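Student: Sequence and predicted structure, then a few things I'm wondering about:
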Amino acid sequence: MRSRNNSGTVSSKCIVILCIACFCAGLLFTDRMWRTPEANDHTPKIKRRQDQELQLSQDGCEQKGKLATERDIMSEVSKTHETIQMLDKTISSLEFELVTSRAGQDKNLDGLHALENPSGEASSEKPKVFVVIGINTAFSSRKRRDSVRETWMPRGTRLSQLEQEKGIVIRFVIGHSATPGGILDRAIEAEDAQHKDFLTIDHVEGYHELSAKTKIYFATAVAKWDADFYVKVDDDVHVNLGALATTLARHRVKPRVYIGCMKSGPVLAERDVKYHEPEHWKFGEQGNKYFRHATGQIYAISRDLARYISINLPILHKYANEDVSLGSWFIGLDVEHIDDRNMCCGTPPDCHWKAQAGNVCVASFDWSCSGICKSVERIKSVHERCGEGDAAVWSTFF
């Protein structure tokens, strides 16, 4: 009996110990099971964060790549556009040369040959220059010419130097009197012998013949110089040569350009007004306006347009107003009209304020006078307040 009781006691202790051991093992197992899911919960979050950072990095690289590609594309487009413009200008020049060659075989243009080579001698190669500036003047405008020489137009050796170094030719443009060789013509010859700054053309001077004078000027200039641009300016307008050259250079690659202050004034049918248009009926009903054209104080045309005028000299129609006539000659042609308001600034304070702001005007005059009012007395003051400085044209690159 004692022996059986001792054996039962031992068994109870073992059972208790076993239970305790199982409980401890359960605690360890339970603790591990709770920790594992916690770690597993963090793993997807970390992975998602890494994926997002990788995606952002890839997007940034792609964005930078796109920007670089866009810049390259724009650069190529710009280069292609410039190349097309140069090709267009070259093709246009070849077309005009072809037209000129054909025109040379036409007996109806014998007058043009006489203009290009009045002496009948073999023609030499024309000087290649950047721009020819023709200053429209009259027999009675000696004081105006002197005021221009004393302000914006170089004189003597400086005038020749400007032509040789910068390719800028400047001449006063004048025809002859109704009695060639008379006192008026001799006065111009004496003045030209002194200053050597005239371009004499085959034209009878007269205020109401400005349209004819304009086209003969361009034809004569084309025959004498091979220029990129031809400019006409009145002798009572102030010009900044450096600003003018810079403006023209911006359009050098274009084949057919017409540059100036574009306007469209009313067609005046009344007989007793200053700018009466005898052919007003051609422009439609009374009160209509002219087509767009550059104001007559100053404008520029490219080589091809000047050649066009020269070739078609005998058949170009002349209206009463010179600026209207010029604009009409380009209707129907593929011409780019460039409206540049810096070519029609007012006199001080207008041009002075612009010069102080760093926007130097190409040309200045008074609209009320179609030039500088009392230009002989005032152009020096305009030059002092609105001029770009005598050194500007020499330091300009074009």
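Tutor: All right, it came through fine. Residues are numbered from 1 along each chain as shown.

Student: Gly327 reaches Ala294, doesn't it?
Tutor: Yes: here Gly327 reaches Ala294: they are 6.9 Å apart, a contact under C-beta atoms under 8 Å. From N, CA and C alone the C-beta is placed, and that goes for glycine too.

Student: joint contacts of the two?
Tutor: Taking C-beta atoms under 8 Å, 6 or more residues apart in numbering as the criterion, Gly327 and Ala294 both touch Tyr258.

Student: Looks like Ala300 contacts Leu248 (just checking).
Tutor: Yes: contact criterion C-beta under 8 Å: Ala300 and Leu248 qualify, at 6.1 Å.

Student: more crowded one of the two?
Tutor: Neighbour count, other C-beta atoms under 10 Å: between Ala300 and Leu248, Ala300 has more, with 28 against 22.

Student: which residues does that one bridge with?
Tutor: Val231, Ile259 (DSSP bridges).

Student: Correct me if wrong: Arg256 contacts Arg303.
Tutor: No: between Arg256 and Arg303 there is no contact under C-beta under 8 Å: 9.0 Å.

Student: number of nearby residues for Arg378?
Tutor: Residues lying near Arg378 (other C-beta under 10 Å) number 17.

Student: which SSE is it in?
Tutor: Assessed by DSSP states H and E, Arg378 sits inside helix 375-386.

Student: For that helix, give me every contacting residue.
Tutor: Helix 375-386 has contacts (C-beta under 8 Å, 6+ apart) with 143-144, 147-148, 150-152, 235-238, 240, 345, 347-348, 351-352, 354-355, 360-361, 364, 372.

Student: Repeat the analysis, applying 6 Å as the threshold.
Tutor: Identification of contacts with helix 375-386 by C-beta atoms under 6 Å, 6 or more residues apart in numbering yields 143-144, 147, 151, 236, 238, 347-348, 351-352, 355, 364, 372.

Student: Kindly give a single PyMOL line that selects the buried subset of the residues you listed.
Tutor: Buried residues within the contacts of helix 375-386, by 16 or more other C-beta atoms under 10 Å, are selected in PyMOL with:
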select buried, resi 144+147+151+236+238+347+348+351+352+355+364+372
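
Student: Determine which two of the contacts of helix 375-386 are furthest apart.
Tutor: Spatial extent of the contacts of helix 375-386 (C-beta to C-beta) is set by the pair Lys143 and Ala355 at 25.8 Å.

Student: Of the contacts of helix 375-386, which is the nearest to His337?
Tutor: For the contacts of helix 375-386, the closest approach to His337 (C-beta to C-beta) belongs to Ser364, at 21.9 Å.

Student: Dihedrals phi and psi, the closest one?
Tutor: phi -130, psi 140 (degrees, to the nearest 10).

Student: My understanding was that it contacts Asp236; is that so?
Tutor: No: using C-beta atoms under 6 Å, Ser364 is not in contact with Asp236, being 10.8 Å away.

Student: State the number of residues packed around Glu76.
Tutor: 10.

Student: buried sites along whatever helix or strand Asp202 lives in?
Tutor: Applying DSSP H and E as the criterion places Asp202 in strand 198-204. For strand 198-204, a neighbour-count test (16+ other C-beta under 10 Å) marks Phe198, Leu199, Thr200, Ile201, His203 as buried.

Student: Alpha carbons of it, in PDB - could you do that?
Tutor: Provided in PDB are the C-alpha atoms of strand 198-204 (Å, rounded to 0.1, in the frame of the first residue of the first chain):
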ATOM      1  CA  PHE A 198      25.700 113.300-105.000                       C
ATOM      2  CA  LEU A 199      24.000 110.700-107.100                       C
ATOM      3  CA  THR A 200      22.700 112.500-110.200                       C
ATOM      4  CA  ILE A 201      19.900 110.700-112.000                       C
ATOM      5  CA  ASP A 202      18.200 111.100-115.400                       C
ATOM      6  CA  HIS A 203      15.100 112.900-114.200                       C
ATOM      7  CA  VAL A 204      13.600 116.400-114.500                       C
END
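
Student: Starting from it, tell me which strands it pairs with and how they run.
Tutor: Per DSSP bridges, strand 198-204 is paired in its sheet with strand 168-176 (parallel).

Student: Show me what secondary structure element comes after the partner strand.
Tutor: Next in sequence after strand 168-176, counting helices and strands by DSSP H and E, comes helix 183-195.
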